[in-house]
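Undergrad: okay, predicted coordinates and the sequence, questions at the end:
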Amino acid sequence: QVQLVESGGGLVQAGGSLRLSCAAAGRTFSNYAMGWFRQAPGKEREFVARISSNLRRTYYADSVTGRFTISRDNANNTVYLQMNSLKPEDTAVYYCAADRNNVNSDRRRLSEYDYWGQGTQVTVSS
């Protein structure tokens, strides 16, 4: 089991920045690939970013490429999502998730992730 807790959400104006954190407890954090997803009201949950377990490969949705950066600190069991140049359409609940399989591959489906956090709200005002 892996327990995930997100933090860092809030209200920000368009063009601003936020940094989300996801603290992991449980099994060896470095064995998992980590992802961020988001779900806006009335929409399906969608992939945002992913970072591999050890090789530090990163993958991004087209909508956030160049604005968001995913990183991880294996010593502190934490994954981050730095969000810059935020837009109102980035408003959503953001979730982190852990993937125990194919940890150095690009995987973006919800079903490919084994553990999920409870989410943190990000609201971007225009």
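TA: Good, I have the coordinates.

Undergrad: what about Gly15, how many residues close to it?
TA: Counted with other CB atoms under 10 Å, residues neighbouring Gly15 total 11. For the C-beta atoms, the positions are set from N, CA and C on the backbone; glycine is no exception.

Undergrad: residues in contact with it?
TA: Ser85, Leu86 (CB atoms under 8 Å, 6 or more residues apart in numbering).

Undergrad: could you check how far it is from Pro88?
TA: Distance check for Gly15 against Pro88: by CB to CB, to the nearest Å, it reads 10 Å.

Undergrad: over to Leu4?
TA: Applying CB to CB, the value for Leu4 to Pro88 is 27 Å.

Undergrad: which of these two has more neighbours?
TA: Using other CB under 10 Å as the criterion, Leu4 and Pro88 rank with Leu4 on top: 23 against 11.

Undergrad: surely the more buried one meets Thr120?
TA: No. Between Leu4 and Thr120 there is no contact under CB atoms under 8 Å: 10.9 Å.

Undergrad: residues in contact with the nearest residue to Gln82 once chain neighbours are set aside?
TA: Nearest-residue entry for Gln82: Thr69, 4.4 Å, with adjacent residues in sequence omitted and distances by CB to CB, 6 or more residues apart in numbering. Taking CB under 8 Å, 6+ apart, we find Thr69 in contact with Ala49, Thr58, Leu81, Gln82, Asn84.
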